[in-house]
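# when you get a sec, could you give me coordinates for this:
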Amino acid sequence: MLQLDDLSKHFAGAKSAAVEGVNLHLQPGVLGLIGHNGAGKTTLMQMIATLCRPSRGSIRLDGEDIVRRPELMRRRLGYLPQDFGVYANLTALELLQYFAALKGVRDIGRIRRLLEQVNLHEHAHRQASSFSGGMRQRLGIAQALLNEPDVLVVDEPTAGLDPEERLRFRQLLAEIGFRKLVIVSTHIVSDVENMATQLAILNQGRLSACESPAVLQQRASGLVWSGEMEAGEYTARRAEWQVLQAQPQRGGSVRLRVALQRQPFEGAQPSLPSLEEALMALRYALPQGAPT
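Residues are numbered from 1 along each chain as shown. Here you go, the predicted model:
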């Protein structure tokens, strides 16, 4: 459906590429785009959304070159940036009517159905500027879905949301992913671990892995260890390992989870990694230059 080949972006004056040589072939589902701040996630998403042109490479949607013909993507795209702004004096319904007019959508019934889908129908006549962060994000999803897009691009959607709003938002994106291609950028692994069909890992602009969450956890098998040691010994040796978790215990010991290729200390046992631990282990525990 969406094919990225050798996609790269170099900004003038920058010492290194923001995105370098990314190859992805994507079908409907939820793709979690994971990486630390500055890894190139937003730049990659902006190229997919035709907001900036790549320096090299191609992007094709159902075989059509959207770098040369960006309007082909824009007709089929829903986009929610990290900061979704609202007009101070417009209600939620009025704001969606405004965006609908910009997108050529005239079906008022669709606007009301979307408000119901994002659980804002009871707040349709309330000023959007009074909404909480989670409500604004849900309103942003509604505007992104107005034109019934085939590709939905969402950048850092849960930043600033409380736990309940984050859960509701993740459930909404997972439901959309049954029918559409949803690309979710985040540096918070828990945002995508239970809804993503694939995770694409960006590191310094390069794609280091694109696998299902289960496969990534399997690849980290044998790289995560757990055990307990005295606090003094831990203080002396902690620089030797990538520590995933250190929990002080009664009696002066520390319970540890460590990413390393070999047993880090006597008594440490191999441990099943969480997805977040698996990603850290694959990044830190393998030798420099090893494929992840």
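
# low-confidence ranges in this structure?
Within the chain, the segments meeting pLDDT under 70 span 160, 285-292.

# can you list the domains in it?
The record assigns the chain these domain ranges, following automatic domain parsing: 2-211, 218-284.

# give me the distance from the first one to the chain's centre.
The chain centre lies 9 Å from the centre of domain 2-211; the measure is C-alpha atoms, centre = their mean, to the nearest Å.

# from memory A246 sits against R255, does it?
Yes: counting by C-beta atoms under 8 Å, R255 is a contact partner of A246 at 7.5 Å. Backbone N, C-alpha and C define where each C-beta goes, glycine included.

# quick check: which of the domains of the chain is buried the most?
Most buried of the domains of the chain, by mean neighbour count (mean count of other C-beta atoms under 10 Å): domain 2-211, with a mean of 18.

# the closest residue to H121 other than its chain neighbours in helix, strand or coil?
With sequence-adjacent residues excluded and distances taken as C-beta to C-beta, 6 or more residues apart in numbering, H121 is closest to L115, at 4.4 Å. Here L115 is recorded as helix under DSSP: H, G, I helix; E, B strand; the rest coil.

# could you pull out the helices in the stretch 151-292 of the chain for me?
In the stretch 151-292 of the chain, the helices defined using DSSP state H, counting those that start in this stretch lie at 163-176, 213-219, 231-237, 275-284.

# by contact count, what packs against the third one?
Packed against helix 231-237, as judged by 3 or more C-beta pairs under 8 Å, 6 or more residues apart in numbering; DSSP states H and E, are the following elements: strand 253-259.

# what's the strand it packs on in contact with?
By C-beta atoms under 8 Å, 6 or more residues apart in numbering, the residues outside strand 253-259 that reach it are 223-231, 234, 241-249, 264, 268, 271, 277, 280-281, 284-285.

# and for stretch 276-287?
Here stretch 276-287 makes contact (C-beta under 8 Å, 6+ apart) with 34, 189-190, 193, 199, 201, 203, 208-209, 216-217, 219-220, 223-224, 242, 244, 257, 259-261, 273, 292.

# ditto for stretch 77-85
Contacts to stretch 77-85, defined as C-beta under 8 Å, 6+ apart, come from residues 42, 49-50, 136-137, 139-141, 143-147, 149-157, 159.

# quick check: end-to-end length of it?
19 Å (C-alpha to C-alpha, to the nearest Å).

# try stretch 231-251
In stretch 231-251, first residue to last residue: 9 Å (C-alpha to C-alpha).

# hmm, back to that, want to throw the helices of the stretch 151-292 of the chain into a markdown table with distance to L77?
As requested, these are exported to a markdown table (distance: least, C-beta to C-beta, whole Å):
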| stretch | distance to L77 |
| --- | --- |
| helix 163-176 | 14 |
| helix 213-219 | 26 |
| helix 231-237 | 50 |
| helix 275-284 | 28 |
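
# for E122, which of those helices is the nearest?
helix 163-176 (14.5 Å; C-beta to C-beta).

# got the CA positions of the closest one in CSV?
Taking C-alpha atoms only, helix 163-176 is exported to CSV below (Å, rounded to 0.1, in the frame of the first residue of the first chain):
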residue,chain,number,x,y,z
PRO,A,163,-3.5,7.8,32.0
GLU,A,164,-7.2,7.4,31.4
GLU,A,165,-7.1,9.7,28.3
ARG,A,166,-4.0,7.8,27.0
LEU,A,167,-5.8,4.5,27.3
ARG,A,168,-8.9,5.8,25.5
PHE,A,169,-6.8,7.3,22.8
ARG,A,170,-4.8,4.1,22.2
GLN,A,171,-8.0,2.1,21.9
LEU,A,172,-9.4,4.5,19.3
LEU,A,173,-6.3,4.3,17.2
ALA,A,174,-6.3,0.5,17.4
GLU,A,175,-9.9,0.3,16.1
ILE,A,176,-9.0,2.6,13.2
